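In: sequence isn't available, so here's the structure alone:
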């Protein structure tokens, strides 16, 4: 379970947002963020079943804080749910949103159960300044790199 909790360090804080997240129509935005951890201040994580197993179908529901990697400033939060897939896949499927100061970005995809494995998943949309967003999110440990393309 530590692996899942560590991996889901994509943030949840309803605090001041990272200034560099301002989106402009027709452009690309690159963000370098660091996720919080389950059990850390301002994080909320629940496993179902509550015993923390990683059997297929087990779920992790989370809200985690995000900070800017460069200066540690609060950037936003992440909320969502991940479901453990078949053991042989060593992965889980996640559906979640990252909330930034001027909107949110939605993602869906398969992330590794191994905390140090890097995975890239697609951005499937957004709201506010990120409405219609596409792009990718790459997660490696606690580091999150987002490339957001706004129409």
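Out: Yep, it's here. Just so we're clear, the structure is a prediction, and the values are computed from it rather than from any experiment.
In: who's in contact with residue 93?
Out: 82-83, 85, 108-110 (Cβ atoms under 8 Å, 6 or more residues apart in numbering). The way it works is simple: take the backbone N, C-alpha and C, and place the C-beta from them, glycine included.
In: let's see 10 Å
Out: Applying Cβ atoms under 10 Å, 6 or more residues apart in numbering to residue 93 gives the contacts 81-85, 108-111, 121.
In: likewise residue 149?
Out: Residue 149 touches 23, 26-29, 123, 130, 132-136, counting by Cβ under 10 Å, 6+ apart.
In: so can I have JSON lines of these showing pLDDT, neighbour count and secondary structure?
Out: Formatted as JSON lines, the contacts of residue 149 follow (pLDDT from 0 to 100; neighbours: other Cβ atoms under 10 Å; DSSP: H, G, I helix; E, B strand; the rest coil):
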{"residue": "23", "pLDDT": "50", "neighbour count": "22", "secondary structure": "coil"}
{"residue": "26", "pLDDT": "71", "neighbour count": "8", "secondary structure": "coil"}
{"residue": "27", "pLDDT": "87", "neighbour count": "10", "secondary structure": "coil"}
{"residue": "28", "pLDDT": "91", "neighbour count": "13", "secondary structure": "strand"}
{"residue": "29", "pLDDT": "91", "neighbour count": "20", "secondary structure": "strand"}
{"residue": "123", "pLDDT": "96", "neighbour count": "21", "secondary structure": "strand"}
{"residue": "130", "pLDDT": "93", "neighbour count": "25", "secondary structure": "helix"}
{"residue": "132", "pLDDT": "93", "neighbour count": "11", "secondary structure": "coil"}
{"residue": "133", "pLDDT": "94", "neighbour count": "24", "secondary structure": "coil"}
{"residue": "134", "pLDDT": "95", "neighbour count": "17", "secondary structure": "strand"}
{"residue": "135", "pLDDT": "95", "neighbour count": "19", "secondary structure": "strand"}
{"residue": "136", "pLDDT": "95", "neighbour count": "15", "secondary structure": "strand"}
